[in-house]
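Peer 1: Need a 3D model of the sequence below.
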Amino acid sequence: MSKRLCTLLLALVTLLALTAFPAAADAPERHTSGDYRYIVLENSMAEITQYTGQDGSLVIPGTLDGKRVSRIGDVAFSNCSSLTFVTIPDSVTSIGNYAFSTCDALASVTIPDSVTVLGNLAFSGCDSLAGLTIPDSVTTIGANPFVACSKLTDILVSADHPTLSVIDGVLFTKADQRLVCYPCALTAESCAIPQGIKAIGDFAFSSCSSLTAVTIPDSITTIGDLAFYGCSSLTSITLPDSVTSIGYRAFSSCSSLTAVTIPESVTSIGDGAFSICSSLTAIAIPDSVTSIGIYAFVGCTSLTSITIPSSVTSIGYGAFVGCTSLTSITIPSSVTSIGDYAFFDCNNLTAITIPDSVTAIGDWAFADCAANLTLTVPRGSFAEQYCKDRGLKYTSTSAPD
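Peer 2: Here you go, the predicted structure:
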């Protein structure tokens with residue numbers, strides 16, 4: 001994984017952490033015991049909230065000040081760069097979100113069979129972690145706990161694990177048939193997802209830089225947030241007619257992706273779904289889609305054409321920022337709003353046709369476009385007045401009868 005990709009991914013992890021866990025109005029009192037900070041839960045047990053020590057090999061205590069430790073809290077050991085080995089006590093039932101994220105030197109961790117919950121991105125960015133065993137006690141597992149673990153090849157679960165299964169090194173849930181994690185250290189260049197899997201989970205393939213092709217079966221209905229983020233060798237993807245939703249930044253930073261087929265079944269495409277896909281040259285949006293999301297195609301510097309169907313009613317904030325290869329675009333008469341910065345820095349854009357249906361255009365929607373950009377707008381329309389107010393070059397046409 002490149003340093004730039006790691007930086008981008010961990011920035012996203014931090015952003016999600018900050019937005020996912022707002023501070024409570026009445027935060028519990030924090031206590032300190034040696035190198036540990038903790039809170040006392042309602043059941044009088046302790047939750048570790050922060051480790052401040054510098055140990056390499058660490059056995060986490062089962063009690064703190066006489067309080068039994070039952071939880072490893074969110075981000076409790078995050079960024080502990082000295083940790084190489086960790087043993088979690090059998091008093092612990094829950095490992096929180098980002099609990100051991102970016103512990104770069106962590107090579108081994110022992111999870112006891114008391115743990116029932118493994119949180120979102122719990123071991124994300126642990127670049128030295130090559131293998132890990134998930135005990136049968138785990139009944140709840142969050143978004144890819146092992147994203148950006150650049151050496152991870154072995155995720156082990158027992159054959160009769162009640163909630164999880166591993167097929168060819170890939171981790172799945174049994175109950176909701178969700179693909180949780182494709183270890184990014186696997187050397188295979190292609191992956192065929194088994195038939196019957198219903199969802200590709202959040203971060204499932206993130207930073208799998210060796211992956212060139214993925215076969216998605218027609219049982220898949222959902223592609224999660226950042227599911228293929230940073231798959232820099234992925235060249236093309238075909239989504240089956242079963243897919244109805246594509247998550248937030250699902251294919252963001254897939255820098256080799258040149259072609260995407262989106263089926264008519266898709267009704268929801270998340271913000272930034274194809275952002276920073278610098279090799280993407282063309283994409284057809286199906287007429288099942290009603291809006292182009294925030295930053296949907298930002299940084300798609302090779303995108304030369306895009307077809308916006310008549311089902312689309314809004315173009316989101318910054319949707320085409322930095323699409324420097326776009327030269328012209330026609331906006332259908334179904335569109336009523338164009339967001340702030342929608343076409344910002346599309347510096348080769350020379351022509352845009354805006355229909356009379358558009359009644360809202362955001363600030364800086366066409367800023368830093370080429371000096372010879374001409375907007376074609378209906379006479380007497382909102383778009384014409386927008387151009388007049390901002391000194392933009394335009395051509396007026398007669399409104400249709």
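
Peer 1: got any ranges where this structure has weak pLDDT?
Peer 2: For the chain, the stretches with pLDDT under 70 are 1-26, 399-401.

Peer 1: Helix, strand, or coil at the residue nearest the centre of it?
Peer 2: Geometric centre of the chain, nearest residue: Leu226, 2.2 Å, by Cα atoms, centre = their mean. Following DSSP: H, G, I helix; E, B strand; the rest coil, the label given to Leu226 is coil.

Peer 1: Report whether the expected contact of it with Gly201 is present.
Peer 2: No: using Cβ atoms under 8 Å, Leu226 makes no contact with Gly201, being 9.9 Å away. In short, each C-beta sits where N, CA and C put it, glycine included.

Peer 1: Which neighbours do those two have in common?
Peer 2: Here Leu226 and Gly201 have no joint contacts, going by Cβ atoms under 8 Å, 6 or more residues apart in numbering.

Peer 1: quick revisit: what's the residue nearest to the centre of the chain sitting at in phi/psi?
Peer 2: Here is the backbone geometry of Leu226 (degrees, to the nearest 10): phi 50, psi 30.

Peer 1: Can you give me every residue that contacts it?
Peer 2: Leu226 touches 12, 202-203, 206, 247-250, 252, counting by Cβ under 8 Å, 6+ apart.

Peer 1: In stretch 162-181, which residues are buried?
Peer 2: 163-166, 169-173, 177-181 (16 or more other Cβ atoms under 10 Å).

Peer 1: correction: stretch 386-401
Peer 2: Result for stretch 386-401 [16+ other Cβ under 10 Å]: buried residues 386-387, 392, 394.

Peer 1: how far out from the middle of the chain is that stretch?
Peer 2: 39 Å (Cα atoms, centre = their mean, to the nearest Å).

Peer 1: returning to that earlier point: secondary structure and distance to Asp113 added to the buried residues of stretch 386-401, as a markdown table?
Peer 2: Listed next are the buried residues of stretch 386-401 as a markdown table, based on DSSP: H, G, I helix; E, B strand; the rest coil; distance: Cβ to Cβ, whole Å:
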| residue | secondary structure | distance to Asp113 |
| --- | --- | --- |
| Tyr386 | helix | 64 |
| Cys387 | helix | 67 |
| Leu392 | coil | 66 |
| Tyr394 | strand | 69 |
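
Peer 1: which among these gets closest to Ser325?
Peer 2: Of all the buried residues of stretch 386-401, Leu392 has the smallest distance to Ser325: 21.5 Å, by Cβ to Cβ.

Peer 1: Next up, the contacts around that closest one.
Peer 2: 366, 373, 375, 386.

Peer 1: With Ile193 instead?
Peer 2: 179, 200, 214-217, 220.

Peer 1: Make a PyMOL selection of the buried ones in those residues.
Peer 2: Selection of buried members from the contacts of Ile193 for PyMOL, criterion 16+ other Cβ under 10 Å:
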select buried, resi 179+200+214+216+220
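
Peer 1: Looking at the contacts of Ile193, which are in helices?
Peer 2: In helices, defined here by DSSP state H, there are no members of the contacts of Ile193.
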